[in-house]
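>>> need coordinates for the below:
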Amino acid sequence: MSEIFSLSQEISEAVPAAPESAKIAGFWRRLLAFLIDCLLLGIVGFVVGLIFYDMLAEMGVWGRLVGFIIALAYFGVLNSALGNGQTLGKRIVNIKVVDRDGGLISLHRSFLRYIILGVPFFLNGAMISPSIAALTLIAGLIIFGAGFTITYLYIFNRGTHQSLHDLVAGTLVVRATDIEPPPVRIIWKYHLVIAGIGAIFILAISLVMSSLIGQSIGISDLYAIQEEIQNSGKVHMSSVFVGTVWMPNGKTQYLRVGAIWKEKPESFEAAASEIALIVMRDYADIASKDVLAVTVTYGFDIGIASGWQSYNANYSPEQWKQKLP
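Okay, here's the model as predicted:
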C-alpha cells in the first residue's frame, strides 16, 4: 500500500502544473504606474521648459501640442512591442499592455491607445478663448464625453479593468510575469450606457449653469471687453470675471481681468495699465465695482509642465483713474 502511494506521489510530482491565465492588473497598480510615468514626464517637461521657455511662451495654446507629442512618443513606443508593452512606471509595478491573445501590440495600435487617453487631458486646461464658441463646444464634448468615460471605466469596470482607450485599441493590462493569455472576460454592457449618460448629464449641467450665470452677470458686456483685449494683438488669451467677496466690514464687488501675454512685457506694470485702460474705457458698469483686479501673465503650459511669471494690480476704479493717462 505504501509502495502504491509512493508511486502516485512520484507521478504527480513529475507532471508540471498547468500555467494559470495572466492576471489582469488592478486599479491601484495601474494608477501607481501612471503616476510614476507622469512624474517622469514632468521632469522631462521641466527641462524642456527651462531650455525653450520664451519659444514655448510665444506658442501659447500650441505649447500643449509639444507636451502631447512628447507624451505620445513615450507611451506609444514603450507600450508597444518595441518597449515590451511597458513604460518605466509599468516596469516598476510589473505590469504590461497586451492584446486579447496575450501578445504585444503594434506601434500604431499603441499610438491610437494613447491618443484616446491623452487628448481629453491635454484639451482640459488648454488656453482656448471662450469667445471661439464652436471650438470651446468641441473641446467641452471631448473633455466631458471621453474624459468622464475614461475616468468612470477606470474606477468601476472591475471585470476587465479596461477603460475607453483599452476598449478602442482592444488591449488589456496584465501582470508582466504571467505567460498565458489573459482570461476571456466581457465588459458589463451597462457600463458604457452609464458612462455615456453621465457624460451628457455633466455637459448639459455645465452649459445650463454657464447660460444662467451669463444672463445674471451680463456676460455680453464681459465678452465685449474680452474681445477688445484680444484685438490688441498682444495676448494669447484673456479672461474676465465679476464676483462678490464678503469681508468682515461688508461685501466687496470686484471685476477681475487676466491676460496671458505673447511676449514678455518690458514692464508688467505698464502691461497691467494697458488692460485697465481698456476696461475703464469700455465697461460701463465699472463705477459700481469696488475693485478692478488685473493680472498679467507670461509663461508656458505644455501639459506635462508649466512655468509662469505673474503680476497683479488691484485698485479701486478711482485709484485706476489717477494712475492711468
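
>>> which strand residues bridge residue 292?
Counting by DSSP bridges, residue 292 is bridged to residue 255, residue 315.

>>> do the one 4 residues further on as well
Applying DSSP bridges to residue 296 gives these bridge partners: residue 259, residue 311.

>>> what's the local residue count around it?
Using other Cβ atoms under 10 Å, residue 296 has 26 neighbouring residues. From N, CA and C alone the C-beta is placed, and that goes for glycine too.

>>> ok, so what distance separates it from residue 277?
The gap separating residue 296 from residue 277 is 13 Å, by Cβ to Cβ, to the nearest Å.

>>> and residue 72, by the same measure?
From residue 72 across to residue 277, the span is 43 Å (Cβ to Cβ).

>>> so which of those two has more stuff around it?
Comparing residue 72 with residue 277 by other Cβ under 10 Å, the one with more neighbours is residue 72, at 18 against 14.

>>> wouldn't the more buried one be in contact with residue 113 here?
No - taking Cβ atoms under 8 Å as the definition, residue 72 is not a contact partner of residue 113, at 10.3 Å.

>>> what does the average pLDDT come to for stretch 113-132?
What stretch 113-132 shows for mean pLDDT is 81.

>>> buried sites along it?
Buried positions in stretch 113-132, judged by neighbour count with 16 or more other Cβ atoms under 10 Å: 113-123, 126, 128-130.

>>> quick one: the strands in the stretch 151-300 of the chain?
Taking DSSP state E, counting those that start in this stretch, the strands of the stretch 151-300 of the chain run over residues 171-175, 235-247, 250-261, 291-301.

>>> for the closest residue to residue 115 other than its chain neighbours, phi and psi?
Distances taken as Cβ to Cβ, 6 or more residues apart in numbering place residue 72 nearest to residue 115, at 7.0 Å, with adjacent residues excluded. The main-chain torsion angles of residue 72 are listed as degrees, to the nearest 10 and equal phi -60, psi -40.

>>> just the pLDDT at residue 72, thanks.
97.

>>> got it, and residue 216?
The predicted structure scores residue 216 at 45 on the pLDDT scale.

>>> gap between residue 318 and residue 286?
Between residue 318 and residue 286 the computed distance is 10 Å (Cβ to Cβ).

>>> which of those two has more residues huddled nearby?
Each of residue 318 and residue 286 has its neighbours counted (other Cβ under 10 Å); residue 286 has more, 17 against 8.
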